[in-house]
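# Just need the structure, nothing else, for what follows:
(3 chains)
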Amino acid sequence: MTNLTAGALSPKEAIDRVAATLRRRRSAEFRFRFWGQAAIGLALGFLVLLFGAIFSNGIPGLFQHYVVLDVELNKQRLDPQGDMSVNSLYAGDAEALIREGLLAALDNPTGRSNTRAARGIISSGSAQRLVDFVYANPDLMGQTVPVKFALDDDIDSFLRGFIDRNTPEADRRINDTVIQFVDKLMASERVSYEVSDYLFFGSASRDAEMAGIRGAFIGSILTLFICVLISFPLGVATAVYLEEIAPKNRFTEIIEININNLAAVPSVVFGIMGLAVFIVLFGMPRSIPLVGGIVLALMTLPTIIISSRAAIRSVPPSIRDAALGVGASKMQTIFHHVIPLAMPGMLTGTIIGMAQALGETAPLLMIGMVAFIVDVPGGVMDPGTVLPVQIFMWADFAERMFVQKTSAAIIVLLAFLIVMNASAIWLRKKLERRW
Amino acid sequence: MTDTTMTTNAAMTETRMEDRILPDKTIGQVHVEHPRMTARAVDVHYGTKKAIDSVTLDIGERQVISFIGPSGCGKSTFLRCLNRMNDTIDICKVSGLIAIDEQDIYDPSIDVVSLRARVGMVFQKPNPFPKSIYDNIAYGPRIHGLANNKVELDQIVEMSLRRAGLWEEVKDRLDQPGTGLSGGQQQRLCIARAVAVSPEVILMDEPCSALDPIATAKVEELIHELRAEYTIVIVTHSMQQAARVSDRTAYFHLGKLVEVGETKQIFTNPVHELTQDYITGRFG
Amino acid sequence: MSMSSLALIVLVIGAGYFYLAQRAVLLLRSTGQHRLHSLPHYYGYWAAAVAVLPALLLLLILSIADDIVFKIMVRDFYPPDQQNLDSVSEAIVLAKIMNVVKGIQFGSPDAWVIAAGEAWIQWTETSRQLISVIVIGVSLLGGLFAYRKVSPEFRSRNAVERIILWVLGLSSTVAILTTIGIVLSVLFESIRFFKLVPPTEFIFGLTWNPQFEGAERAGSGQMGLATYGMVPLFVGTLLISVVALTVAVPVGLFAAIYLAEYANNTVRGVVKPLLEILAGVPTVVYGFFAALTVAPLVRGAGESIGLTVASESAMAAGLVMGVMIIPFVSSLSDDVINAVPQSLRDAAYGLGSTKSETVRQVILPAALPGIVAAVILAVSRAIGETMIVVMAAGLAANLSFNPLDAVTTVTSQIVTILVGDQEFESAKTLAAFALALMLIIITLGLNFFALQIVKKYREQYD
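Predicted structure coming up:
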């Protein structure tokens, strides 16, 4: 035992040497900890910056400027055929009536440049708006009533301060006359700033003040509907087959490898596949929610399969044994016990997959859902677009107001996503069993 | 024996256990002449649950003391308090006084790092790092700056492995992974790793429960040898082991230290009924 | 009849057979002379399944097939001088015919085109009727066949279960079909592209300048000014990915370490979901954020220290992509850090390591393979990411390693080429497919590589 102490420090010496290192090690510890906190701070900082940028533009984007004009609802001029039909109302001269109301509000300026300036103040969709108004309130016909119209997007930007009246007239998008008119309207308290009805109920438009997300929103819902209709049953069926039925052989191994690979394929590639297979080969129309839904379903399938398999695997074998033990067939065991017990997990996975699909843009660009479509799609075979693609298109437009509208559309999309994810979390909390 | 009688028996044991009264004060001699570590009225809470209830105990210098008791009695929890391994568990709160050489180890001025350098620990399952045998042993000395140069480090590694009785078995393959050793060798490697930082106290949490009888015998032999230099606290499930290796034995029950005394006395002449029942194998 | 109303009719037929079959066995049972092998509703399901499933499958196949058949049949209308058209011209001709079919007038089409279009309309009409008859017939006959087999001894439950088994098994092949669809659609067009542009020129070419102008039209054999060298695109992709990973890997890794080893439950409970929000934000939102907020910031910052920064710099797109990937890296790292056994931490703490020593010297080395795999997966993510680069990285195919320059990427070129109305047969369009092929090969290769590492790593602790 003599050589055992060779090279050993006595505990006393050891304590001293340890103590000597403590200062250095404590500061190293402090630095390391600091880097961890800095990383989290940075990540959360990005999050704040992202949401700050979106919300600072998007909240004002939910609103826009309107002007209230006194319009004479002249029956003859508005409804030349006199039957209040849509055709007749469109044939009427709503535009001139609005112009008269506007000029009256501006104390009837004369001269061509003045009238032209005045015409540019209100949105070019105003005639349509008046027609809609009359159609909804036919009993007001013949009276002079205050009607609310949207201001043109340049005027809106001016009122928000994006166009500075002190810049030289030539460099401004609106001239001095227009500014003078707007001031007059402001002074007479005809201009109001309120929640934008165009944003929520308008459809695609090149005019920023009239552009809305209704068509895209409905397109998104139709696309998601197709997507869930295909991917949920297919995903659950595949998961059940792989977990409960399939023998472990080469074939199932290939399927599993495939699923893992599909999960790694960039989404844009699914779009290319959709273009080549569904549109070119199968001859399906472009831009329709049906094809969009199918492509997104194939894209989200791996997510749903993987989470459904996890849910099935978490059902304890004792349940299966119990069912088989009372003489249930394999299928009865699966359909009566395994699937109901795994359902919360499967639904959670599906909702998460749908949230992914809802935010997806690139594959839908490939299958032509980027087209400019004014009509709101009425079914899955009607051409349409979806919210993220609408955001992508608006982001390209130069008008200042589109920046805000885009951000507002993003807020709607995010709200949609938050609701979906929150319901997934709620579902998981509510229904998940611990074994 | 049929199922019915078995359940009745079990139920009887349970009622009898319930009837036993835990003593208000620990029976036997909690104090020793040369304490290395002292615990005074130590309570441990996990959240709202009380895991250790007012334990007072001295741990004598260069002695082996073993903690025995049924599962969940708090013996491991108490052991882990002695080098503050419980710090890693958020909900664990320790109150009372635990001191090493009359210094409160929960005092804010004490660095847990230097405490653990003084009070080393060996765990239930051998847990070598996925590094070479050499690096496993050298890890502690390196982080604590115990060796000034390579030669000293080599010496520490050799000394530690010799003390753990592992040197002859591994001296030719120091660069191979520690995870490649057998279970018993891994556990002795872990003991060597603890020894390498020259601690004063070594805590062992059921060090042999994952080992086969031969490996267990080797580790026990090692504990016996280490007694000459170190204070050793060992938690064990095996009463034979406690009887073989320890000088003193402490019996824990439901978070209380029921009885403590010379090992011989505890095993031949236990005072409290609970101790007696446990020793004689009525429950456990 | 439209496809959906046909499907509905088939379902109604199925419901009818369900009722008939179930009623038949119930009647038999009520006589008291027969014992049914299975529960009555299984007989109903059996008949309904045989009536519905083959008919629906047939409907799907026929309605997909008819267009393909028409395309072949319409060739009979081509005038003699256009009999042996190459695929490009044929696509143009087909487009003209389809305009007639849809009733869109573009100028005055040739008489044979109008004839072909009218024939097409006629065929569509006939095929619709034919499909209706076939599908409904198959449904009725199938149901009848099944109904005739119904008897008390018939093992209807087993039969139904066998059908379910097949349905489940077939569902699981959709994953394979999708992969085949992806591979074939990309591969075929790529092969055609490589007939026009040699693979060596594509893979090693240093200039990317696709032109749509007539001269290099496929088939004419002249390439004109168009050059398809993908190197600038891949360099651009890599440049942006490198910027992204420089942000995402340290931030994600340190965040994961802090959350796993330092943070208490409260902090973890708050920060983790917040980080996951970053993962849930749609990429188009990141793209908008990059173009609107980050690009001007980067530019301003660069110019304030005297650097020239392109308005669509790789830096801006890369930074935002990095932010997007942070939660990806951190959650994968979190998994591998938590997979390191607690016993190793105990060993290190028991020896008196500080937390950072434990992390750096024990946990990270043990988790390294998993972290490497996570980083590889993050690279694959970055390379495949599309919207951020489309919106923020621009289209200038500069061969540059300077992150302050404007570069373009593989995905943004694919999108630019394929969005909107493309002429399906030009070399430029085909180039998008070749790029997609490269993209698939690279991302799947990286994925495979990462999974291998993870597999090895798992074995270590199992």
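# only C-alpha atoms for contact and neighbour calcs from this point on.
Fine.
# Can you spell out which helices and strands pack onto whichever strand or helix holds residue C:13?
In the assignment (DSSP states H and E), residue C:13 maps to helix C:3-30. Applying 3 or more CA pairs under 8 Å, 6 or more residues apart in numbering or on different chains; DSSP states H and E, we find helix C:3-30 packed against helix C:40-73, helix C:111-149.
# Output those helices as JSON lines; include the columns distance to chain A and mean pLDDT.
Shown next, in JSON lines, are those (distance: least, CA to the nearest CA, whole Å; pLDDT from 0 to 100):
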{"stretch": "helix C:40-73", "distance to chain A": "5", "mean pLDDT": "88"}
{"stretch": "helix C:111-149", "distance to chain A": "13", "mean pLDDT": "89"}
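# for those, which one ends up most surrounded?
helix C:40-73 (a mean of 20; mean count of other CA atoms under 10 Å in any protein chain shown).
# Now the helix or strand just after that helix: buried residues?
Note on helix C:40-73: by DSSP H and E, the next helix or strand toward the C-terminus is helix C:87-102. Across helix C:87-102, burial judged by 16 or more other CA atoms under 10 Å in any protein chain shown covers C:88, C:90, C:93-94, C:96-101.
# For chain B, what's its nearest residue on chain C.
residue C:352 (4.5 Å; CA to the nearest CA).
# Checking my notes, that residue in a helix, right?
No: Residue C:352 is assigned coil when assessed by DSSP: H, G, I helix; E, B strand; the rest coil, not a helix.
# OK, contacts around residue 36?
You didn't pick a chain, so chain A it is. By CA atoms under 8 Å, 6 or more residues apart in numbering or on different chains, the contact list for residue A:36 reads C:254-255, C:257-258.
# Sorry, I should have been clearer: chain B.
Going by CA under 8 Å, 6+ apart, residue B:36 touches B:58-61, B:100-101, B:231.
# pretty sure it is in a strand, no?
Yes: checked against three-state DSSP, residue B:36 lies within a strand.
# per-residue pLDDT, it?
We have a pLDDT of 91 for residue B:36.
# Give me the longest strand you can find in chain A.
Longest strand in chain A by number of residues (criterion: DSSP state E): strand A:63-72.
# From the contact counts, what lies against it?
Applying 3+ CA pairs under 8 Å, 6+ apart, we find strand A:63-72 packed against helix A:94-105, strand A:144-150, strand A:191-195.
# what mean pLDDT does stretch C:301-319 have?
The model assigns stretch C:301-319 a mean pLDDT of 89.
# hmm, it touching chain A?
No: with CA under 8 Å from any CA of the partner chain as the criterion, chain A is not reached by stretch C:301-319; the gap is at least 10.1 Å.
# Can you name the residues in contact with that stretch?
Residues outside stretch C:301-319 that contact it (CA under 8 Å, 6+ apart): C:236, C:239-244, C:247, C:287, C:290-291, C:294-296, C:298-299, C:388-389, C:392-394, C:403-407.
# Could you do stretch A:377-392 as well?
A:213, A:215-220, A:222-223, A:226, A:285-290, A:358-361, A:364-365, A:369-371, A:373, A:375-376, A:406, A:409-410, A:413, C:282, C:284-285, C:288, C:391.
# Stretch A:95-108 now?
Stretch A:95-108 has contacts (CA under 8 Å, 6+ apart) with A:69-74, A:109, A:115, A:118-119, A:126-127, A:181, A:184-185.
# quick one: which of these is nearest to residue C:333?
Among the contacts of stretch A:95-108, residue A:126 lies closest to residue C:333 (CA to CA), at 56.1 Å.
# If we ignore the residues flanking it in sequence, what's nearest the closest one?
Once flanking residues are discounted, residue A:126 sits nearest to residue A:149: 6.0 Å by CA to CA, 6 or more residues apart in numbering or on different chains.
# Tell me, how many residues neighbour the one you found?
Residues contacting residue A:149 under the criterion other CA atoms under 10 Å in any protein chain shown number 22.
# do the same with residue B:99
When neighbours are counted by other CA under 10 Å, residue B:99 comes out with 18.
# Can you tell me how far it is from chain A?
Residue B:99 sits 16 Å away from chain A, taking CA to the nearest CA, to the nearest Å as the criterion.
# ditto for residue C:373
Applying CA to the nearest CA, the value for residue C:373 to chain A is 13 Å.
# and that residue, which of the three is it?
Using three-state DSSP, the structure places residue C:373 in helix.
# wait, isn't it in contact with residue C:450?
Yes: using CA atoms under 8 Å, residue C:373 is in contact with residue C:450, at 4.4 Å.
# pLDDT of stretch A:117-128, averaged?
The model assigns stretch A:117-128 a mean pLDDT of 85.
# Identify the residues contacting that stretch?
A:67, A:94-95, A:98-99, A:102-103, A:149-153, A:155, A:177-178, A:181-182, A:209-210.
# then it to PDB, C-alphas only?
This file holds the C-alpha atoms of stretch A:117-128, laid out as PDB (Å, rounded to 0.1, in the frame of the first residue of the first chain):
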ATOM      1  CA  ALA A 117     -58.400  67.500 -58.500                       C
ATOM      2  CA  ALA A 118     -61.700  67.000 -56.700                       C
ATOM      3  CA  ARG A 119     -62.400  63.800 -58.600                       C
ATOM      4  CA  GLY A 120     -59.100  62.300 -57.400                       C
ATOM      5  CA  ILE A 121     -59.900  62.700 -53.800                       C
ATOM      6  CA  ILE A 122     -62.400  60.000 -53.500                       C
ATOM      7  CA  SER A 123     -61.900  56.300 -54.300                       C
ATOM      8  CA  SER A 124     -62.700  55.200 -57.800                       C
ATOM      9  CA  GLY A 125     -64.900  52.500 -56.300                       C
ATOM     10  CA  SER A 126     -67.400  55.100 -54.900                       C
ATOM     11  CA  ALA A 127     -70.000  54.700 -57.600                       C
ATOM     12  CA  GLN A 128     -70.100  51.000 -56.900                       C
END
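# hang on, the earlier thing: I'd like the helices and strands packed on strand A:63-72 laid out as CSV, including mean pLDDT.
Formatted as CSV, those follow (pLDDT from 0 to 100):
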stretch, mean pLDDT
helix A:94-105, 87
strand A:144-150, 89
strand A:191-195, 90
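# Save those as TSV, and put in distance to residue B:85 too.
Formatted as TSV, those follow (distance: least, CA to CA, whole Å):
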stretch	distance to residue B:85
helix A:94-105	80
strand A:144-150	69
strand A:191-195	59
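# Weed out the non-buried ones from the contacts of residue B:36.
Burial by neighbour count, 16+ other CA under 10 Å: within those this picks out B:58-61, B:100, B:231.
# For stretch B:109-129, buried residues please.
B:111-129.
# so which of the residues you listed also contact chain A?
For chain A, the contacts drawn from those by CA under 8 Å from any CA are B:114, B:117-118.
# restrict those to contacts with chain C.
When CA under 8 Å from any CA is applied, the members of those adjacent to chain C are B:114, B:117.
# Which ones among the ones next to chain A among the buried residues of stretch B:109-129 map onto helices?
Taking DSSP state H as the definition of helices, these contribute B:114, B:117-118.
# could you list every residue that touches the residue of the stretch 151-300 of chain A found nearest chain B?
Proximity to chain B, evaluated over the stretch 151-300 of chain A using CA to the nearest CA, is greatest for residue A:260 at 29.8 Å. Residue A:260 makes contact with residue A:302 under the criterion CA under 8 Å, 6+ apart.
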